[in-house]
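S.K.: sequence first, predicted model second:
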Amino acid sequence: MERRSLLRAAVIGTSAAVFGGTLSHGAAYAAPAQLGTSPYGPLGAADANGIQLPSGFTSRVIARSRQTVSGTSYTWHDAPDGGACFADGSGWIYVSNSEISSTGGAGAVKFNSSGSITGAYRILSNTNRNCAGGATPWNTWLSCEEVSTGFVYETDPWGVNAATQRPAMGRFNHEAAAADPVRNVIYLTEDASDGVFYRFIPTTWGDLSSGTLQALVAGTGTSGSFTWGTVSDPDGSPTATRNQVSGAKRFNGGEGCHYANNTVWFTTKGDNRVWQINLSNSTYELAYDDTLVNPGPAPLTGVDNVTGSTFGDLYVAEDGGNMEICIITPDDIVAPFLRINGQSSSEITGPAFSPSGTRLYFSSQRGTSGSSSGGITYEVTGPFRT
């Protein structure tokens, strides 16, 4: 595969990692990421929270489902899922979806500059199976419904402005979203075995009330060139959005999505793949495939949510597998970064970095109980590459 050469950039006045520079293109496609040594070294013994981490890293529990967040009056939601961080003065906010039918929505935890919790509150209520989503450059959280006629809701991480339904972004089995401030579009994944990969082009950048929904059009292979085709009826009725564009490429269960440096990565759970869309030259390829790791066994299975660091590393969470977050480096090395023990009936969700890039947030959606009411949200602090 083409090696990624990502400019290391700090986050300035926004929640998401900002990347610059250009991709370094190879002469031909090669193998996706292969098993190697983590830049952080091996995992140590499990800590008091049951998490194995590299040397120098520590974990703490931020919140538990159906329990009051420490120092606040807010009860944390069931089944915590996709999440993101937003800068808040010298502090920050972590938002988290709730993947519950009919009463899903999203909540938020607020931190001061030292990382102490100063508040927690609801930002979206009574929506359906809010799975993943994505942050926008104008500091809103797009919370996506994972149902066949699901909507995207634009929410306020500060909980001041009411959430707004965005039907122009299509009605389908939404999963994740990623904003591209260069092309002024939002990329969207679809959690269906014959799903497609979308982009939404707002009529006015920063206003998601109207625009054009398109699907990626390409061949059946794992690499090649692509174009975009317009979805004529984003409402998806009577014809599903994924069936409205001739030649739309099918992806087996779209999950997490992350944009940086003229590239968008997304995961597909049905075949344990991470896809890389090279926007500068309109080509796509595999960044990871568990069947192509040689020698095996593959370290990353059950691919799900994905985020990126300011250094250029991708962090991919497992839905099942052995409950790891794995790292894929710019040198195309894949290795475990952390492992949660004793929670084999759960999945890892919502990985997101604080604005400084020194704290990683994520959840175990069902915790030790294997129930949606047993969710646990964590923070890991340590010497992350920034």
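M.R.: Right, received. Where do you want to start? Numbers count the residues shown, from 1 in each chain.

S.K.: so for residue 295, what pLDDT did the model give?
M.R.: Note on residue 295: pLDDT of 88.

S.K.: could you find the closest non-adjacent residue to it?
M.R.: What sits nearest to residue 295 in space, not counting adjacent residues and going by CB to CB, 6 or more residues apart in numbering, is residue 35, at 7.5 Å. C-beta here means a position set from N, CA and C on the backbone, and glycine is covered the same way.

S.K.: repeat that for residue 362.
M.R.: residue 351 (4.4 Å).

S.K.: tell me which element that neighbour is part of?
M.R.: Here residue 351 is covered by strand 348-353, with elements defined by DSSP states H and E.

S.K.: tell me the strands beside that strand, with direction?
M.R.: strand 359-364 (antiparallel) (DSSP bridges).

S.K.: quick one on the thing from earlier: averaged pLDDT, the strand holding residue 351. What do you get?
M.R.: Across strand 348-353, the per-residue pLDDT values average to 98.

S.K.: which residues of the stretch 101-250 of the chain fall in strands?
M.R.: Under the criterion DSSP state E, counting those that start in this stretch, the stretch 101-250 of the chain contains strands at 106-111, 117-124, 130-135, 141-145, 152-155, 164-165, 174-180, 185-190, 198-204, 207-217, 224-225, 227-230.

S.K.: and residue 86, which of those is closest to it?
M.R.: Closest to residue 86 of those, according to CB to CB: strand 130-135, at 6.8 Å.

S.K.: hmm, who's touching that closest one?
M.R.: Contacts to strand 130-135, defined as CB atoms under 8 Å, 6 or more residues apart in numbering, come from residues 14-16, 81-82, 84-86, 97-100, 104-106, 124, 141-146, 152-153, 174-179, 186, 189, 191, 255-257, 305, 349.

S.K.: so it versus strand 117-124, what angle?
M.R.: 110 degrees (axes from the mean of the first three to the mean of the last three CA atoms, to 10 degrees).

S.K.: hmm, back to that, now the strands of the stretch 101-250 of the chain as a markdown table including distance to residue 288?
M.R.: Shown next, in a markdown table, are the strands of the stretch 101-250 of the chain (distance: least, CB to CB, whole Å):
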| stretch | distance to residue 288 |
| --- | --- |
| strand 106-111 | 28 |
| strand 117-124 | 32 |
| strand 130-135 | 18 |
| strand 141-145 | 23 |
| strand 152-155 | 27 |
| strand 164-165 | 34 |
| strand 174-180 | 16 |
| strand 185-190 | 16 |
| strand 198-204 | 21 |
| strand 207-217 | 19 |
| strand 224-225 | 18 |
| strand 227-230 | 24 |
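
S.K.: what about residue 66, helix or strand, and which?
M.R.: Judged by DSSP H and E, residue 66 forms part of no helix or strand.

S.K.: quick one: pLDDT of residue 4?
M.R.: pLDDT for residue 4: 40.

S.K.: just for this protein, where's the confidence low?
M.R.: For the chain, the stretches flagged by pLDDT under 70 are 1-31.

S.K.: where does residue 378 land in three-state SS?
M.R.: Classification of residue 378 by DSSP: H, G, I helix; E, B strand; the rest coil places it in strand.

S.K.: can you get me a residue count around the residue nearest to residue 362?
M.R.: For residue 351, the count of nearby residues is 26 (other CB atoms under 10 Å).

S.K.: would you mind measuring from it to residue 75?
M.R.: Remark: distance between residue 351 and residue 75 (CB to CB, to the nearest Å) = 23 Å.

S.K.: what does residue 340 give?
M.R.: From residue 340 to residue 75 the distance is 23 Å (CB to CB).

S.K.: and these two? Which one has more around it.
M.R.: Using other CB under 10 Å, the more surrounded residue of residue 340 and residue 75 is residue 340, with 26 against 16.

S.K.: bridged to that one, which residues?
M.R.: Going by DSSP bridges, residue 340 is paired in beta bridges with residue 51.

S.K.: correct me, but it touches residue 362?
M.R.: No. Counting by CB atoms under 8 Å, residue 340 stays clear of residue 362, with 9.2 Å between them.

S.K.: shared neighbours, these two?
M.R.: Between them, residue 340 and residue 362 share these contacting residues under CB under 8 Å, 6+ apart: residue 348.
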